[in-house]
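K.L.:
Starting from these lines, generate the structure:
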Amino acid sequence: MLTKIYRVKGRLTLGSKNQIFVKEYKAICEDDVREKVYQIFGSKHRLKRNKIFIDEIVEISPDDVEDPILKELL
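P.N.:
Okay, here's the model as predicted:
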């Protein structure tokens, strides 16, 4: 299967404040990316899924990647 690169934009509720995030992940489909976002933020910040809001998941080309670690993998 071919993996694609996705850019995820969303926000987290940390206490009474919202924190905006933009992340890039390599996955097979959008559902895998959504699950990965929930796993990583839930693990790092101890957040429940109802505190993580994903606004947008967009497939991007390898030329548009901004994450330096992901660039090295390509």
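K.L.:
which other residues reach the worst-scoring helix or strand of the chain on mean pLDDT?
P.N.:
When the helices and strands of the chain are compared on mean pLDDT, DSSP states H and E, helix 68-73 comes out lowest with a mean of 84. Contacts with helix 68-73, where a contact means Cβ atoms under 8 Å, 6 or more residues apart in numbering, come from 5, 24, 25, 26, 65. No exception for glycine: its C-beta is placed from N, CA and C like everyone else's.
K.L.:
from those residues, which two are the most distant?
P.N.:
25 and 65 (10.5 Å; Cβ to Cβ).
K.L.:
and residue 50, how many residues sit next to it?
P.N.:
The number of residues packed near residue 50 is 7, by other Cβ atoms under 10 Å.
K.L.:
hang on, it in a strand?
P.N.:
No: going by DSSP: H, G, I helix; E, B strand; the rest coil, the assignment for residue 50 is helix, not a strand.
K.L.:
count of neighbours near the residue nearest to residue 30 when sequence neighbours are not counted?
P.N.:
Sequence neighbours aside, residue 57 is the residue nearest to residue 30 in space, at 5.1 Å (criterion: Cβ to Cβ, 6 or more residues apart in numbering). Using other Cβ under 10 Å, residue 57 has 18 neighbouring residues.
K.L.:
What of residue 12?
P.N.:
Residue 12, neighbours per other Cβ under 10 Å, totals 16.
K.L.:
in the chain, which spans are strands?
P.N.:
Listed in chain order, the strands of the chain (DSSP state E) span 4-14, 17-27, 52-60.
K.L.:
Who are the packing partners of the last one?
P.N.:
When contacts are defined as 3 or more Cβ pairs under 8 Å, 6 or more residues apart in numbering; DSSP states H and E, strand 52-60 sits against strand 4-14, helix 30-45.
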